[in-house]
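# Provided below are the primary sequence and the corresponding predicted coordinates.
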Amino acid sequence: MTSAQISSAWEALESHNDQIVEVHMRDLFANDPNRFARFSAHLDDLLLDYSKNRVTEETLGLLMDLAATTGIEDWRRRMFAGDTINTSEDRAVLHAALRDPSGELTPSEASARAAGEIHRMRTLQTTIRNGGWTNIVHIGIGGSYLGPQMATAALAPYATGPHVHYVSNVDGTHLMELLAVFEPQTTFVIVASKTFTTDETMTNAKTAKAWLTSALGDQAVSQNFAAVTAERTAAEAFGILPGNVFEIWDWIGGRYSATSAIALPLALVIGMERFEDFLAGAHAMDAHFVAAPLQQNLPVILALIGVWNATFLGARSHAILPYGYRLRHLPRFLQQLEMESNGKNVTRNGVAVSGTTAPVIFGELGTDGQHTFYQLLHQGSDLVSCDFIAAAKSDNGLDNYHSKLLANFLAQSEALMLGRAAPTGEPHRNFPGNRPSNSIVVRRVNPRTLGMLVALYEHKVFVQGVIWGINSFDQWGVELGKEMSQRILPELTSVDTASGHDSSTNGLIDHLKRLREEDG
């Protein structure tokens, strides 16, 4: 489409926003008894209720026009075909191939390579389960651990294998606490780094290697280590057996790797059959995203509602609110997925964006959040949109607990929408309401529904990136600070006074050095 057509679609939404800004959702519900039915959609057991947003049929029609005008369907086709849509890094974007063993949706070469790694993971699973290992230490950072950590916690009821422990921080405290209580003979280490040079990951990996070899000898690296990387040669030079090096390719971004071999620890813990159910759930959402009309397409709807709230209504923060302990790591996983993907101020064409892009993503377990930051959601001066996420059935068998949990899940979205007028003379008790939220419900959290949820958000992020005109698949913003830290590192041990930085950084370097020297 031409830039004039795209601009016209934006202008129509801006004009519509002027008309709807004073409309209250409680009136929309009062005037439409069928609002829930008309503003919800589902795929299998996953329901998306978006009726508690400031949208009408006209709003959705204009948003769908915007999606069509910005070329969503063509960009979707290009992504699944393996075209180079990550232009700044000259890469394809094919995380959907990771869960497409038959090549139904993605290029056969990519899907076959992914299926080959799944077969090799099955072999290692047998070795681990028969080898007496009781603890797995997974070392990675960012996308190399957030996805599998989230999924391992979510699917804990399905665990049948060894315990897995995730280490990411270069602080060192976490790793040393683990190694202090583990037995080297029964500890298996997975190093997950696409480049096999990530500083935090390799620092921890070298510490784990030294710990194992000091107890078991040099052969411990070949017996007790695996790696997931795009740099096989570097992993083998580290001492890891070729058969224990699992591949990830440049067409898989770290934050899109939750269904790749990066999730090896998840597969070892829940078993390959259930891991493949996880992949099948993601594939089901992929197939829906490819085939469903835009008007019934869950990722498209979720993305468009997000654009409406963030760009037009001014909700510059978005809360992820899971009501279920197993999903406690989901907010952090989605925080990286959304903010690293769409936290951009330059378009694919290299010019400054004309409006806003991704909101700030934050979140917490639902009832915990109610006692920390929900005050701001209900009565704060900033508009915050929300995703409430819950399962109808719990895995713990405590129905009385789960009923209370679901009652809170339902009450919070209703209260944010309805609000409540304050008693006379008590303005501090006024709840304005009209605060937007989505509710996402599954029957229960299991491997398949979790896979669907992951893919739902992956494709939501992609659609929003297309609409905002940005590349959702690079992450140049993480580079500068990492580069500068390498320059600062030797200065922390130098006897010379710091120089070459701004006065604050110089002063902080010298102050830290002085404190460390005073404590010996």
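Arrived safely.
# drop to CA atoms for contacts and neighbour counts, all remaining ones
Noted.
# Now do the strands in the stretch 51-200 of the chain.
135-139, 163-167, 187-192 (DSSP state E, counting those that start in this stretch).
# Take these and lay them out in TSV including distance to Ser7 and mean pLDDT.
Formatted as TSV, these follow (distance: least, Cα to Cα, whole Å; pLDDT from 0 to 100):
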stretch	distance to Ser7	mean pLDDT
strand 135-139	46	96
strand 163-167	46	96
strand 187-192	43	97
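# Nearest to Gly363, out of the ones you listed?
Smallest distance to Gly363 across those (Cα to Cα): 20.5 Å, for strand 163-167.
# Low-confidence bits of this structure, can you list those?
1-2, 4, 520 (pLDDT under 70).
# Spatially central residue for it, please.
The chain has Leu334 as the residue nearest its centroid, 2.9 Å off, counting by Cα atoms, centre = their mean.
# Work out for me the element it sits within.
Using DSSP states H and E, the element containing Leu334 is helix 330-342.
# Quick check: the residue nearest to the centre of the chain vs Leu453, distance?
Distance, Leu334 to Leu453, using Cα to Cα, to the nearest Å: 11 Å.
# Same check on Tyr256?
13 Å.
# Between these two, tell me which one has more neighbours.
Higher neighbour count among Tyr256 and Leu453: Tyr256, with 25 against 19, using other Cα atoms under 10 Å.
# residue contacts, the more buried one?
His95, Gly143, Leu337, Glu458 (Cα atoms under 8 Å, 6 or more residues apart in numbering).
# mind checking the SS state of the closest residue in space to the first one that isn't next to it in sequence?
Beyond its immediate neighbours in the sequence, the residue positioned closest to His95 (Cα to Cα, 6 or more residues apart in numbering) is Ile252, lying 5.5 Å away. Remark: Ile252 carries the secondary structure label coil [criterion: DSSP: H, G, I helix; E, B strand; the rest coil].
# Assess the claim that Gly366 and Leu327 are in contact.
No - assessed by Cα atoms under 8 Å, Gly366 is found out of contact with Leu327, at 10.1 Å.
# And Cys386, which helix or strand is it part of?
With DSSP H and E as the criterion, Cys386 is inside strand 384-391.
# Against which helices or strands is whichever helix or strand comes after that strand packed?
Going down the chain from strand 384-391, the next helix or strand is helix 399-418, by DSSP H and E. Here helix 399-418 touches helix 25-30, strand 317-323, helix 366-370, helix 374-379, strand 384-391, strand 437-442, going by 3 or more Cα pairs under 8 Å, 6 or more residues apart in numbering; DSSP states H and E.
# what do you get if the cut-off is 7 Å, keeping everything else the same?
Helices and strands touching helix 399-418, by 3 or more Cα pairs under 7 Å, 6 or more residues apart in numbering; DSSP states H and E, are helix 25-30.
# buried sites along the helix or strand just after the helix it packs on?
Next along the chain after helix 25-30, taking DSSP H and E as the criterion, comes helix 35-38. With burial defined by 16 or more other Cα atoms under 10 Å, the residues of helix 35-38 counted as buried are Arg35.
# Can you list the neighbours in contact with helix 35-38?
Phe29, Ser51 (Cα atoms under 7 Å, 6 or more residues apart in numbering).
# Can I get that helix in PDB? Just the C-alpha atoms.
The C-alpha trace of helix 35-38 is given here as PDB (Å, rounded to 0.1, in the frame of the first residue of the first chain):
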ATOM      1  CA  ARG A  35     -21.100  -7.700  23.900                       C
ATOM      2  CA  PHE A  36     -19.100 -10.600  25.300                       C
ATOM      3  CA  ALA A  37     -20.200 -12.900  22.500                       C
ATOM      4  CA  ARG A  38     -19.300 -10.300  19.800                       C
END
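# list the buried ones in the helix or strand following that helix?
Helices and strands here follow DSSP H and E; after helix 35-38, the next one along the chain is strand 40-43. The neighbour-count check on strand 40-43 (16+ other Cα under 10 Å) flags Ser40, Ala41 as buried.
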